[in-house]
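J.: pasting the structure only:
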């Protein structure tokens, strides 16, 4: 029997079917809108918390060892302080106590942490009421963390106060910097909101790869305690602090009001135990990820490939981005993923944008256009091209005028006149184009060194001559006239043991100097080793030769030129060696490039840790005796083959070579510090003994008790002559008198026990040791 459909159902069937499909479409649309793009992307390992309070905790970080990549570094294991409100993650190790973590960035490899501010407070000029000067120390050698040099600044708040930051870059390179802030009252400080330029507060940059450092105040007294009882020093995120005069008043007022939990510091993190070329326990496990070399220090980061997002440290952590859905849902993505008047289709790692029929061009760039508008588009392109051509010609003209103006500002015309009048023909004036060509456009592979005053590149001129080109930092406009005088003076220096100035470049904002290239590296590398220099035996006569030639060069700078030239940074790294191991002193006479704005009362601490004259450090003045002190440290390096700051083999502590040698010399035990290569030579011990006394004389506390470089050079010539000729102990066991004067070749040589009239070794009193910085 056939079934018959009810007439009413026959009439309503089309309507019911339409309603069913409408509801079905709404249901699937709701599901699509509720589903996040790319699906759910996990941040943490399965079963592990991905948040502590409001802070996301992405792997390789984790709460607890089972949730963190402790196989890469144990410091990826974070704590969660539930006692704070809201709870906040903590990391232990960057300082002696755990610090709070504010946020973590996988993409940029950064943490924002809160670090205690260093402070010292007074209730009288010499009474310290509160300080944590010895507790804010960082030791990051075995952690994945390094402070970001571009995102942080070293800052000091206070009046008449000097704050220092010192430590190590990597394992062996010492670092010291600081700044000085001055004001004679709160009304004399900068206005509220002003930048920290030296009146009320000051700031200085920090370097890359700063693994160990501490922030401190070197002076435990205050002349301004009445209105400014507390001084503060810290590393802080750029833009976080804005100066306020009220920060100068009150006991710990700044800390209690703004930095109770610490100052924010941006820390770069990376997988440090490996590299992209040689990974160990490779961390980039997602299929759609790649390895990126860390920008600060060794190691690498893991990033999702273009078109993917998520966590590259997790399996399947990088998920495809649905660019088409983002484009439809949020207008802000229209510029990031353009598809104008086209049909968007998502693809793995990207998307396609096809133009519809009747349109042409590319929807992802200029957009799909109707075919009848093509003619107008061609005309527009021609007009734009003409306008671009005219703009380029105008820009080239302005660029040439700008270079001519730089040339005039830097004294180029005046230099030409001086060269003609004084018949100076040893200096070549190069153009910026020639310098760029010589250095392959400042290629990083040509960098010879980087210091506080700028970068030094190895260059090749058109005549195939190898040169060293010094690209300095910005100089003060008031120093540009002095810069021309400096070039004239340096060009007239003609000494076989001084690196010669060959030319300069003046048509840029900061002038550059061109020196002769010395091929055999530095004395520092020769003594202590490097990637290009393996440690090899160095005979005593070669050490004396290098010391004598270096001293003669410094003596020439001090006394044999038309005006005294102070080096200011004497150290083994600034003494170069040629193929015959002749010494050549470098990096001197750039005073025109070392400007200090006195109106801002800023004093940036210069010099290298271990070589700096303590008298100059206190007075902020460089003298010829400052070079003598630093040269005394170089003599110790030649005798002991130890760095200016070295690690003691017995205690594994970092020690100052000058401080320790003076202590041992005072107790007549300094022989144990000598290099065994020369200490075992009994015939040479008389010469070595005199050399040690000469070094101690150079390291006298007071500059007036030190010999001049001329006297030092003369004494070294005598010692070298005795060593080369093999003279007996009766003549080599000697030293010049307490007045610091050197004997002539014909004069009677004094016995060792009669070196000085008062028995104090040329000004070094018993029990008083030099402060080795």
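T.: Structure received. None of the values given here were measured: they were computed from a predicted structure.
J.: where does the stretch 351-500 of the chain dip in pLDDT?
T.: In the predicted model of the stretch 351-500 of the chain, residues 358, 360-363, 365-366, 370-377, 399-426, 450-454, 473-486, 489 satisfy pLDDT under 70.
J.: what do you get for the stretch 601-750 of the chain?
T.: Checking the stretch 601-750 of the chain against pLDDT under 70 turns up 601-608, 726-750.
J.: can you pull out the helices in the stretch 401-550 of the chain?
T.: 412-421, 432-438, 480-491, 523-528, 540-559 (DSSP state H, counting those that start in this stretch).
J.: equivalent analysis for the stretch 551-700 of the chain, please.
T.: 614-619, 624-640, 657-666, 676-679, 685-698.
J.: for the stretch 201-350 of the chain, same thing?
T.: So, for the stretch 201-350 of the chain - with DSSP H, counting those that start in this stretch - the helices run 253-258, 323-329.
J.: pick the most buried one from those.
T.: The highest average neighbour count among the helices of the stretch 201-350 of the chain, using mean count of other Cβ atoms under 10 Å, belongs to helix 323-329 at a mean of 19. (C-beta placed from N, C-alpha, C; glycine too.)
J.: and that helix, what's its mean pLDDT?
T.: On average, the pLDDT along helix 323-329 is 87.
J.: which elements pack onto that helix?
T.: strand 342-347, strand 350-355 (3 or more Cβ pairs under 8 Å, 6 or more residues apart in numbering; DSSP states H and E).
J.: dump the residue contacts of the closest residue to residue 350 other than its chain neighbours.
T.: Among residues not flanking residue 350 along the chain, residue 307 sits closest, at 4.7 Å (Cβ to Cβ, 6 or more residues apart in numbering). The contact partners of residue 307, by Cβ atoms under 8 Å, 6 or more residues apart in numbering, come to 320-321, 323, 348-350.
J.: find me the pLDDT at residue 307, would you?
T.: At residue 307, the model reports a pLDDT of 91.
J.: against residue 397, how distant is residue 714?
T.: Separation of residue 714 from residue 397 (Cβ to Cβ, to the nearest Å): 60 Å.
J.: next one: residue 288
T.: According to Cβ to Cβ, residue 288 and residue 397 sit 49 Å apart.
J.: which of these two has more neighbours?
T.: residue 288 (19 against 10; other Cβ atoms under 10 Å).
J.: ok, now which ones touch that one?
T.: Neighbours of residue 288 in contact, by Cβ under 8 Å, 6+ apart: 304-305, 308, 318, 320, 349.
J.: any chance of the helices of the stretch 201-350 of the chain in JSON lines, plus distance to residue 471?
T.: Putting these into JSON lines (distance: least, Cβ to Cβ, whole Å) gives the following:
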{"stretch": "helix 253-258", "distance to residue 471": "38"}
{"stretch": "helix 323-329", "distance to residue 471": "43"}
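J.: ok, which of those comes nearest residue 662?
T.: Of all the helices of the stretch 201-350 of the chain, helix 253-258 sits nearest to residue 662, with 38.8 Å by Cβ to Cβ.
J.: number of nearby residues for the residue nearest to residue 298 when sequence neighbours are not counted?
T.: For residue 298, ignoring the flanking residues on the chain, the nearest one in space by Cβ to Cβ, 6+ apart is residue 272 at 5.6 Å. Counted by other Cβ under 10 Å, the residues lying close to residue 272 total 21.
J.: can I take it that residue 715 is in a strand?
T.: No - according to DSSP: H, G, I helix; E, B strand; the rest coil, residue 715 belongs to no strand; its state is helix.
J.: isn't it up against residue 694?
T.: Yes - proximity of residue 715 to residue 694 meets the contact threshold set by Cβ atoms under 8 Å, at 5.7 Å.
J.: report the contact partners of residue 681.
T.: residue 540.
J.: wait, I meant residue 544
T.: 687, 691, 716, 719-720, 723.
J.: ok, it to residue 678 distance?
T.: Applying Cβ to Cβ to residue 544 and residue 678 gives a distance of 10 Å.
J.: now swap in residue 557 and tell me
T.: Distance from residue 557 to residue 678, by Cβ to Cβ: 28 Å.
J.: could you do residue 530 as well?
T.: 22 Å.
J.: one more: residue 345?
T.: Taken as Cβ to Cβ, the span from residue 345 to residue 678 is 78 Å.
J.: cool, and residue 555?
T.: 24 Å.
J.: counting neighbours, what do you get for the nearest residue to residue 641 once chain neighbours are set aside?
T.: Of all residues not flanking residue 641 in the chain, residue 675 sits nearest, at 4.2 Å (Cβ to Cβ, 6+ apart). Residue 675 is flanked by 19 other residues according to other Cβ under 10 Å.
J.: can you tell me how far residue 675 is from residue 503?
T.: 40 Å.
J.: also residue 692?
T.: Relative to residue 503, and taking Cβ to Cβ, residue 692 is found at 42 Å.
J.: buried ones in stretch 263-280, by neighbour count?
T.: 263-274, 276 (16 or more other Cβ atoms under 10 Å).
J.: care to break the chain down by domain?
T.: Per automatic domain parsing, the structural domains of the chain span 51-97+272-320, 115-265, 323-372, 403-517, 543-565+614-773.
J.: export those domains to TSV and append columns for distance to residue 41.
T.: Output for these, formatted as TSV (distance: least, Cβ to Cβ, whole Å):
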stretch	distance to residue 41
domain 51-97+272-320	4
domain 115-265	23
domain 323-372	14
domain 403-517	36
domain 543-565+614-773	46
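J.: ok, residue 279 - contacts?
T.: For residue 279, the contact set (Cβ under 8 Å, 6+ apart) comprises 291, 300.
J.: that one and residue 146: what is the separation?
T.: Counting by Cβ to Cβ - residue 279 and residue 146 are separated by 19 Å.
J.: nearest spatial neighbour of residue 148, skipping sequence neighbours?
T.: Nearest non-adjacent residue to residue 148, counting by Cβ to Cβ, 6+ apart: residue 266, 4.4 Å away.
J.: hmm, the one you found is touching residue 147, no?
T.: Yes - counting by Cβ under 8 Å, residue 266 touches residue 147, with 7.4 Å between them.
J.: doesn't residue 58 belong to a helix?
T.: No - the assignment for residue 58 (three-state DSSP) gives coil, which keeps it out of a helix.
J.: now it, nearest residue through space, not along the chain?
T.: residue 43 (4.3 Å).
J.: secondary structure class for that neighbour?
T.: coil.
J.: state the distance from residue 470 to residue 509.
T.: 15 Å.
J.: quick one, which of these two is more surrounded?
T.: The residue with more neighbours, out of residue 470 and residue 509, is residue 470; 23 against 12, by other Cβ under 10 Å.
J.: dead centre of the chain: give me the residue that sits there.
T.: For the chain, residue 207 is the residue whose C-alpha lies nearest the centre (Cα atoms, centre = their mean; 2.1 Å).
J.: picking that back up, between residue 555 and residue 678, who's got more neighbours?
T.: More crowded of residue 555 and residue 678, by other Cβ under 10 Å: residue 678, with 23 against 20.
J.: got a list of what that one touches?
T.: By Cβ under 8 Å, 6+ apart, the neighbours of residue 678 are 539-540, 543, 639, 684, 688.
J.: out of these, which is nearest to residue 525?
T.: Minimum distance to residue 525 across these is 15.0 Å, recorded for residue 543 (Cβ to Cβ).
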